[in-house]
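A.B. asks: With the sequence up front, the predicted model follows.
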Amino acid sequence: MTAQLIDGRAFAATLRARVRERVAALAPEAGRAPGLAVVLVGHDPASEVYVRSKGRQALEAGMKSFEHRLPETTGEDELLALIARLNADDQVHGILVQLPLPAHLDPRAVIHAIAPQKDVDGFHISNVGMVGTGQDAIVPCTPLGVMMMLRSLVDDFRGKTALVIGHSNVVGKPMARLLLNADCTVMVAHKSSTNIPELARMADILVVAAGVPGLVKADWIKPGAVVIDVGINRVDGNAPDGRARLVGDVDFDRARAVAGAITPVPGGVGPMTIACLLANTLRAYCLQLGLPDAPLLSDTKDPE
Ligand SMILES: Nc1nc(=O)c2c([nH]1)NC[C@@H]1CN(c3ccc(C(=O)N[C@@H](CCC(=O)O)C(=O)O)cc3)C=[N+]21
């Protein structure tokens, strides 16, 4: 058997088109468009790439994009003052502070300074707590994108068993909560747990967000399982042009022969993360303006 490839670029393109249509219908005048502010402190080259593509995709969706690039040496007071201004700015409906922050800045203090209704990353304790208690809230972009892809493949989460490898606040923990909210049976493993292979073999749904290239071996995978690879690791060499290439946390070439469906890296979860940021910005806009907030992709089975 060869696994079905889950095309994250196609899902993301469909979601972006739906966001664009909804924005055009809700805010025909540019002056009233949803606005996304992205804050980048310092010069992490990978972060700069994401900031640029977020800004470009926001504009393509008919939104306004505000970029704030601050020097590496920015003090916490200065960053908190910027967030206070963005919280008060009625052109800004979504605020994302790019992580990781330089070591002298406390990410918790910064995240919790963002108004929860503008927290399009879904990292504020208020949104985290709402999702944790099964309430409607702004959901972190990566797990949201994963749920949208899973919904197209899994008819009913009841009776299904999932393993999430990695328990970060950004991916693993919210991922586990969303699967629980969908009535899945959920296991969460630390990446260095010695019994991961046995746990994985029980999983109908395997979500890997460990940041370890090739961690998940083909013989850990239950035949026919849905495998979602959240890892984005840069490894040197091997690309035809000798440059660094991206690989996931799953031994993809061998896993393909066992899994029922699998996401590639690149072109899997990554593009959905950015598309979900736009969806969250639209959602935040609707919440702030008291507009109805209809589902975009989560309720559909087919990305076409
Ligand atoms: N507050 C905050 N929120 C984030 O969501 C956030 C962040 N900080 N810091 C950095 C990480 C990283 N991240 C990615 C998003 C999309 C791709 C993506 O689209 N990747 C492409 C490949 C891109 C390439 O070629 O480099 C793919 O997987 O196909 C990757 C990484 C969001 N992050």
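C.D. replies: Cool, got the structure. Numbers count the residues shown, from 1 in each chain.

A.B. asks: residue ranges for the helices of the stretch 151-300 of the chain, please.
C.D. replies: 172-181, 196-201, 252-255, 269-289 (DSSP state H, counting those that start in this stretch).

A.B. asks: Who are the contact partners of the nearest residue to residue 214 once chain neighbours are set aside?
C.D. replies: Among residues not flanking residue 214 along the chain, residue 251 sits closest, at 4.7 Å (Cβ to Cβ, 6 or more residues apart in numbering). In this view, the C-beta of every residue, glycine as well, is placed from N, C-alpha and C. Shown in contact with residue 251 (Cβ atoms under 8 Å, 6 or more residues apart in numbering): 214, 216-218.

A.B. asks: ok, the spatially closest residue to residue 231 that is not a sequence neighbour - how many residues close by?
C.D. replies: Excluding its sequence neighbours, the residue lying closest to residue 231 (Cβ to Cβ, 6+ apart) is residue 249, at 3.1 Å. The local packing of residue 249 (other Cβ atoms under 10 Å) involves 25 other residues.

A.B. asks: wait, doesn't residue 142 sit right on residue 271?
C.D. replies: No. Counting by Cβ atoms under 8 Å, residue 142 stays clear of residue 271, with 11.1 Å between them.

A.B. asks: Looking at those two, which is more packed in?
C.D. replies: Counted by other Cβ under 10 Å, residue 142 and residue 271 do not tie: residue 142 has more neighbours, with 27 against 22.

A.B. asks: returning to what we had before: okay, the helices of the stretch 151-300 of the chain, which one's buried deepest?
C.D. replies: Ranked by mean neighbour count under mean count of other Cβ atoms under 10 Å, the helices of the stretch 151-300 of the chain are led by helix 269-289, which reaches a mean of 24.

A.B. asks: could I have it exported to PDB, CA atoms only?
C.D. replies: In PDB, the C-alpha atoms belonging to helix 269-289 read as follows (Å, rounded to 0.1, in the frame of the first residue of the first chain):
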ATOM      1  CA  VAL A 269       1.200  21.400   7.700                       C
ATOM      2  CA  GLY A 270       3.300  24.500   7.100                       C
ATOM      3  CA  PRO A 271       1.200  26.200   4.400                       C
ATOM      4  CA  MET A 272      -1.900  25.400   6.500                       C
ATOM      5  CA  THR A 273      -0.500  27.200   9.500                       C
ATOM      6  CA  ILE A 274      -0.300  30.500   7.600                       C
ATOM      7  CA  ALA A 275      -3.700  30.100   6.000                       C
ATOM      8  CA  CYS A 276      -5.100  29.500   9.400                       C
ATOM      9  CA  LEU A 277      -3.500  32.700  10.700                       C
ATOM     10  CA  LEU A 278      -5.600  34.500   8.000                       C
ATOM     11  CA  ALA A 279      -8.700  32.600   9.000                       C
ATOM     12  CA  ASN A 280      -8.100  33.500  12.700                       C
ATOM     13  CA  THR A 281      -7.600  37.100  11.800                       C
ATOM     14  CA  LEU A 282     -11.000  37.100  10.000                       C
ATOM     15  CA  ARG A 283     -12.500  35.400  13.000                       C
ATOM     16  CA  ALA A 284     -11.000  38.000  15.400                       C
ATOM     17  CA  TYR A 285     -12.400  40.700  13.100                       C
ATOM     18  CA  CYS A 286     -15.900  39.200  13.200                       C
ATOM     19  CA  LEU A 287     -15.700  38.800  17.000                       C
ATOM     20  CA  GLN A 288     -14.700  42.400  17.400                       C
ATOM     21  CA  LEU A 289     -17.300  43.800  15.000                       C
END
